[in-house]
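Undergrad: here is a sequence with its predicted model. Questions after.
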There are 4 protein chains.
Amino acid sequence: MSTKLKRIAVLTSGGDAPGMNAAIRAVVRSCAYHKLECVGVFRGYEGLIEGDFKDLDARSVKNIINRGGTFLKSARSKGFHTKEGRQKAYDHLKKAQIDALVTIGGDGTFTGAIVFNEEHNFPIVGLPGTIDNDINGTDYTIGYDTALNTVVEAIDKIRDTANSHNRLFLVEVMGRDAGDIALNAGIGAGAEEILIPEQNLGKDRLVDSLKRSKKSGKSSSIVVVAEGDQIGKNIFGLADYIRENLEEYEVKVTVLGHIQRGGAPSCYDRVLASRLGVGAVDALLAGERDVMIGLVHNKVVSVPFKESLKGSNKIDLELIRVADITSI
Amino acid sequence: MSTKLKRIAVLTSGGDAPGMNAAIRAVVRSCAYHKLECVGVFRGYEGLIEGDFKDLDARSVKNIINRGGTFLKSARSKGFHTKEGRQKAYDHLKKAQIDALVTIGGDGTFTGAIVFNEEHNFPIVGLPGTIDNDINGTDYTIGYDTALNTVVEAIDKIRDTANSHNRLFLVEVMGRDAGDIALNAGIGAGAEEILIPEQNLGKDRLVDSLKRSKKSGKSSSIVVVAEGDQIGKNIFGLADYIRENLEEYEVKVTVLGHIQRGGAPSCYDRVLASRLGVGAVDALLAGERDVMIGLVHNKVVSVPFKESLKGSNKIDLELIRVADITSI
Amino acid sequence: MSTKLKRIAVLTSGGDAPGMNAAIRAVVRSCAYHKLECVGVFRGYEGLIEGDFKDLDARSVKNIINRGGTFLKSARSKGFHTKEGRQKAYDHLKKAQIDALVTIGGDGTFTGAIVFNEEHNFPIVGLPGTIDNDINGTDYTIGYDTALNTVVEAIDKIRDTANSHNRLFLVEVMGRDAGDIALNAGIGAGAEEILIPEQNLGKDRLVDSLKRSKKSGKSSSIVVVAEGDQIGKNIFGLADYIRENLEEYEVKVTVLGHIQRGGAPSCYDRVLASRLGVGAVDALLAGERDVMIGLVHNKVVSVPFKESLKGSNKIDLELIRVADITSI
Amino acid sequence: MSTKLKRIAVLTSGGDAPGMNAAIRAVVRSCAYHKLECVGVFRGYEGLIEGDFKDLDARSVKNIINRGGTFLKSARSKGFHTKEGRQKAYDHLKKAQIDALVTIGGDGTFTGAIVFNEEHNFPIVGLPGTIDNDINGTDYTIGYDTALNTVVEAIDKIRDTANSHNRLFLVEVMGRDAGDIALNAGIGAGAEEILIPEQNLGKDRLVDSLKRSKKSGKSSSIVVVAEGDQIGKNIFGLADYIRENLEEYEVKVTVLGHIQRGGAPSCYDRVLASRLGVGAVDALLAGERDVMIGLVHNKVVSVPFKESLKGSNKIDLELIRVADITSI
């Protein structure tokens, strides 16, 4: 198959993540390096269904490595969940004489790729692009490192005002199913407590712990809460509970929200995206398909899409211990 | 009076603002320059009532010019609202042989100073330290410029993801009574619409305007909303209204919250704080009291506290026009 | 004249400055607002000579308000110094049916505009775009505030390592003829000494002062030096002199260089650029020509080009005093 | 031995690196967690020789996780290179009843530890704190990730102005013996060429490559040069050579210098420092000595000091290939 590979399409799908542009750039330039044509697909699978394509050469992707978001835009496509939609996508790919597809996104993106491949036997290679770091088969997803820095910088600012006023701040960070952002950014920001979906600390233990912190001489406290945390219905309800049970602090809530998805990517994410983008084209040239390109132990590897979807619900006990010790 | 000025106290009160540390540093070093003793008061008027003082020399304030918050901490003091509390504060000042006070904060801080002065005839000079820029008699308050940059940087990140997804973002910024942050940061962030307390645009006009924007080819939109905006009960209610009346966009809400109060101060705020801090000691040495030191037309000036409290409910029509034109 | 204004060109010339893109955007969108056509000229006067033009509409300038540099590119044009070159430029303007020109740059840019106007009587309005803040008739030039923040953030980083090692750092900042960047960023960064072109401190006084600082308990020192400072041939020579005469410190040199010209513009620069860009089109519509649009006492004003070139060699004695006092 | 461990000292030595404060904090709090006493040593081995110690408890290290540099200060100690100096250090440790030492630094620091251990059989555990990432036995050194982000952000700013002017910038980054910073930051910044100590590209090939870049349509170029690069005597000589042989560009030089050592640590460096700091106390409690705590494949490990010094002169051929492909 690799002998007839001439024209590769690339798209970004699902929630955007910093470094997606760097990944697109690497795919496009790797195509140029290997004398392959490259086609950008706009708005993810939606653009595939509509045939919203544009030829890209090495100069098309200049000055984007440092930009957040994705210039190909992204979308969640309802149409691609239907057989009819996927057929249209396939027809557009054929019509445009595209031989293979690089798809950058998260688990929804890869699930779509698996189904498409089963129906149409079309060569697809995926890159893990999501801030949530919830993909199996890669140590880091593209965008995760940048999101951690964004969270830590935001909490640094909040700590300025927390310290000035003897306040308790609850800070909600992204992570509906995975506590990776909360746990790592919580350690990095010096949070007193970190609430993650994988572990139910319990409201009472939280309040007890905050009382001890206060007695031990802490004048202010930051609690980092993952979106998917199991305590209380939401962070505002949790704040009310603490207000009722812990009079020592003035309690404030901050929901960091979508600033976590944007921003210039960190050096780590740019290098990761560049390596994986080059790896995607290498894999297609080597005849691989239905795989995700990841980084494991600092080596570029390929794993079957199905492996990548196994999730990683493991709690990293070492990190939880480090969080407990360093917040003493 | 200036002949017997030997010992000056300094405190920060009310909400903290970036640059307060730079202002304290300038007061302390100006005291050292003029061979005056300087005393730091912790936790604003609360520390005055409790006599929570610490002698400060030129080296005590090293490496704080670049730090957000206030190392003297701040608080809102209930006690200082009582005659008894103010008497205790006066007694502590006398006992510590303090001749004059520099108080850094906003309108509440200056109101307290006026009452205290009326009762105890104690020399006080104020510095405008608040991110809200809602003090009369100075073109800028300490912390305002930094807050604008913080807001604009956050919206830059949000725009990355807004652009990638054809979304409408409502971003709430601080400003309960004043739209200065919303209006300036809105222009700076390239917001499509800016909702401020001083002006009631109306929900329908907002939706109409957003529809026009969409038709004109805008793929995403940012609406900046001041806390005190008059549309709807709050930003979440506004989001619901837009969702019901504008189907073209996916609507998301971000409340920037307390990150706006923190962060390393901008160069402008550091220089402003340094100039005003030097000006405060100059004013006390010149026998001034009951005044705030401000910057008007790039000159350090002093204005009576009562003048400073007149607020500034004026709408800057030129800025509103610039916002309208540049968001076309 | 204003009745027949239909088509306006805009260009950036000379050294680039953060906020130039925001200024171009404001000119383009103001044209759209007033139903005027707008034409971008690439590479400053060079592109005028070559007829390197592109029509710009409101959407052409989306997502550039936050970007450093100038998407129209800039250049220093030798050709525009010749009568022949200027004739070609005029011919291209006429051929493209352009009625007026907005030129964004510094003193060289305005000098070119004056000569061009004398020869060809063509309506030109200028905007002050330069990090140096060396233009008369405006309190701030576009890019200056951003450059100050860039310098201060860089020196904050240098101070981390200076403090850790008891070192003396000489930091060279831009400003061949004007010490504004050095003086303001020096105060903002908490520099111990600031060397500016307008004032010759003398090497011996510098060394004496640094010795006193060391004795007074300072463990590290930062000296900010403007490019145009009169001490020594250059900053490396100055470092050698200090090494020979001050054994207490390890002396290091950092030349900040071109990072000072780049970066996302500050909120202040974006708002300034937006206001002046709107003001430029207003001025042309009002029949003004041969003027620069500036900001004086927070009002948009127009001043004849010749006024703007008078420079501002004044030393701000208040700022020098503030620097002396706060570095005690 | 672990049974009698009661009192642990911690110091930072050699060049400072962002995250050293986070590492100290983790050691101090881990001591508090294990009910051990902790003593800070100022100015590295120099403070050991002078007995410059201070008791540290959990609250002593609050609000330092986000600060660059090291609050214990660092130094290069001539005295510790002498038997007499090391004897004094040992005497001070004994007198202060210190049972073990955690030393944070680079290869010079560990070499000192080995010699000290041979002479005095004193338990020492090391942490890799250096921006250079040139230590064997750990995938990352503390400070390296932050330095990469600092370099990339600086080059992003330089690229703004490079793009605006069709310029070639040579940017010198740290790395006398190792090209890790240059190679990774070069890829991250989208550099056209990267010159590292491990590889001699040759001046002619560089100029040829830049000529090709220009012809292929690149309007500006960034070349990242490691300090230890073998081309030319220094970066200014290299610039002259390029000026003589490549007329297409205006050539500019920027030496990033010591800004690379400072700045708030990235989230990655804070988490790394926290994990390794906890690991250091764990290792001492487990009776380990003469080892460095590192991170290998995301696991905390200990390696003998002698292993850590073997350096890592390997060229990462995959990264060089990624750099070549993505800069096409």
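TA: Perfect, thanks for sending it.

Undergrad: show me where the stretch 51-200 of chain A dips below the pLDDT cut-off.
TA: Counting by pLDDT under 70, the stretch 51-200 of chain A shows no low-confidence range.

Undergrad: quick one, strands of it?
TA: Secondary structure of the stretch 51-200 of chain A, counting by DSSP state E, counting those that start in this stretch: strands at A:53-56, A:100-105, A:124-128, A:167-173, A:193-195.

Undergrad: just how off-centre is the third one within its chain?
TA: Here strand A:124-128 is found 14 Å from its chain centre; the criterion is Cα atoms, centre = their mean, to the nearest Å.

Undergrad: so which elements touch it?
TA: In this structure, strand A:124-128 makes packing contacts with strand A:100-105, helix A:107-120, helix A:267-285, strand A:291-296, helix A:305-308, judged by 3 or more Cβ pairs under 8 Å, 6 or more residues apart in numbering or on different chains; DSSP states H and E. Yep, even glycine has a C-beta here, placed from its N, CA and C like the rest.

Undergrad: that strand pairs with which strands?
TA: With DSSP bridges as the test, strand A:124-128 is paired with strand A:100-105 (parallel), strand A:291-296 (parallel).

Undergrad: can you list contacts of it?
TA: A:23, A:100-106, A:109-110, A:113, A:116-117, A:135, A:137-138, A:141-142, A:273, A:276-277, A:280, A:283-284, A:288-294, A:302, A:305, A:308 (Cβ atoms under 8 Å, 6 or more residues apart in numbering or on different chains).

Undergrad: pretty sure A:D269 is touching A:L148, no?
TA: No - using Cβ atoms under 8 Å, A:D269 is not in contact with A:L148; the gap is 10.0 Å.

Undergrad: now the common contact residues for these two.
TA: In contact with both A:D269 and A:L148: no residue, using Cβ under 8 Å, 6+ apart.

Undergrad: hmm, back to that, turn the helices and strands packed on strand A:124-128 into JSON lines, including mean neighbour count.
TA: Shown next, in JSON lines, are the helices and strands packed on strand A:124-128 (neighbours: other Cβ atoms under 10 Å in any protein chain shown):
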{"stretch": "strand A:100-105", "mean neighbour count": "28"}
{"stretch": "helix A:107-120", "mean neighbour count": "20"}
{"stretch": "helix A:267-285", "mean neighbour count": "27"}
{"stretch": "strand A:291-296", "mean neighbour count": "23"}
{"stretch": "helix A:305-308", "mean neighbour count": "19"}
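
Undergrad: out of those, nearest to B:I320?
TA: Of all the helices and strands packed on strand A:124-128, it is helix A:267-285 that lies closest to B:I320, at 39.1 Å by Cβ to Cβ.

Undergrad: got the angle for that closest one vs strand A:100-105?
TA: Counting by axes from the mean of the first three to the mean of the last three Cα atoms, to 10 degrees, helix A:267-285 lies at 150 degrees to strand A:100-105.

Undergrad: just the CA trace of helix A:267-285, in CSV.
TA: Taking C-alpha atoms only, helix A:267-285 is exported to CSV below (Å, rounded to 0.1, in the frame of the first residue of the first chain):
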residue,chain,number,x,y,z
CYS,A,267,7.6,24.0,24.4
TYR,A,268,6.8,20.4,25.5
ASP,A,269,3.6,20.4,23.6
ARG,A,270,5.1,21.8,20.5
VAL,A,271,7.9,19.2,20.5
LEU,A,272,5.5,16.4,21.3
ALA,A,273,3.1,17.5,18.5
SER,A,274,6.0,17.8,16.0
ARG,A,275,7.3,14.4,16.9
LEU,A,276,3.9,12.7,16.7
GLY,A,277,3.0,14.5,13.5
VAL,A,278,6.2,13.3,11.8
GLY,A,279,5.5,9.9,13.3
ALA,A,280,2.0,9.8,11.8
VAL,A,281,3.3,10.2,8.2
ASP,A,282,6.1,7.7,8.9
ALA,A,283,3.5,5.2,10.1
LEU,A,284,1.3,5.7,7.0
LEU,A,285,4.3,5.3,4.8
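
Undergrad: gap between it and the chain center?
TA: With Cα atoms, centre = their mean, you get 16 Å for helix A:267-285.

Undergrad: close to chain D, is that helix?
TA: Yes - on the criterion Cβ under 8 Å from any Cβ of the partner chain, helix A:267-285 is in touch with chain D at A:C267, A:Y268, A:R270, A:V271, A:S274, A:R275, A:G277, A:V278.

Undergrad: also stretch A:34-49?
TA: No - judged by Cβ under 8 Å from any Cβ, stretch A:34-49 and chain D are separated, with a smallest distance of 8.6 Å.

Undergrad: single out the residue in the stretch 201-328 of chain A that lies closest to chain C.
TA: At 8.9 Å from chain C, A:A264 is the closest residue in the stretch 201-328 of chain A, using Cβ to the nearest Cβ.

Undergrad: leaving aside the residues adjacent along the chain, what's closest to that residue?
TA: Excluding the flanking residues, the one nearest A:A264 by Cβ to Cβ, 6 or more residues apart in numbering or on different chains is A:N66, at 5.0 Å.

Undergrad: and if you look at A:Q97?
TA: For A:Q97, ignoring the flanking residues on the chain, the nearest one in space by Cβ to Cβ, 6+ apart is A:R7 at 5.6 Å.

Undergrad: do the same with A:E307
TA: Closest residue to A:E307 apart from its sequence neighbours, by Cβ to Cβ, 6+ apart: A:G137 at 5.2 Å.

Undergrad: OK, contacts around that neighbour?
TA: By Cβ under 8 Å, 6+ apart, the residues touching A:G137 are A:P128, A:M292, A:G294, A:V296, A:V301, A:V303, A:E307, A:S308.

Undergrad: what separates it from B:H258, distance-wise?
TA: Separation of A:G137 from B:H258 (Cβ to Cβ, to the nearest Å): 38 Å.

Undergrad: quick one, what contacts the residue nearest to A:A264?
TA: Here A:N66 is in contact with A:A264, A:P265, A:R270, D:V152, D:D156, D:R159, D:A189, D:G190 (criterion: Cβ under 8 Å, 6+ apart).

Undergrad: the residues you listed: which two are farthest apart?
TA: The widest separation within the contacts of A:N66 (Cβ to Cβ) is 14.4 Å, between A:P265 and D:R159.

Undergrad: compare those two (neighbour count), which wins?
TA: Taking other Cβ atoms under 10 Å in any protein chain shown, A:P265 and D:R159 do not tie; A:P265 has more neighbours (31 against 26).

Undergrad: roughly how far apart are the more buried one and A:M20?
TA: For A:P265 relative to A:M20 (Cβ to Cβ), the value is 9 Å.

Undergrad: name the nearest of the contacts of A:G137 relative to chain B.
TA: Of all those, chain B sits closest to A:P128, with 16.9 Å by Cβ to the nearest Cβ.

Undergrad: on that earlier part again, hang on, isn't the residue nearest to A:Q97 packed against A:D99?
TA: Yes - A:R7 lies in contact with A:D99 (Cβ under 8 Å); the separation is 5.3 Å.

Undergrad: higher neighbour count, the two?
TA: With neighbours defined as other Cβ under 10 Å, A:R7 and A:D99 compare such that A:D99 has more, 19 against 16.

Undergrad: the more buried one: what's it in contact with?
TA: A:K4, A:L5, A:K6, A:R7, A:I8, A:P123 are the contacts of A:D99 under Cβ under 8 Å, 6+ apart.
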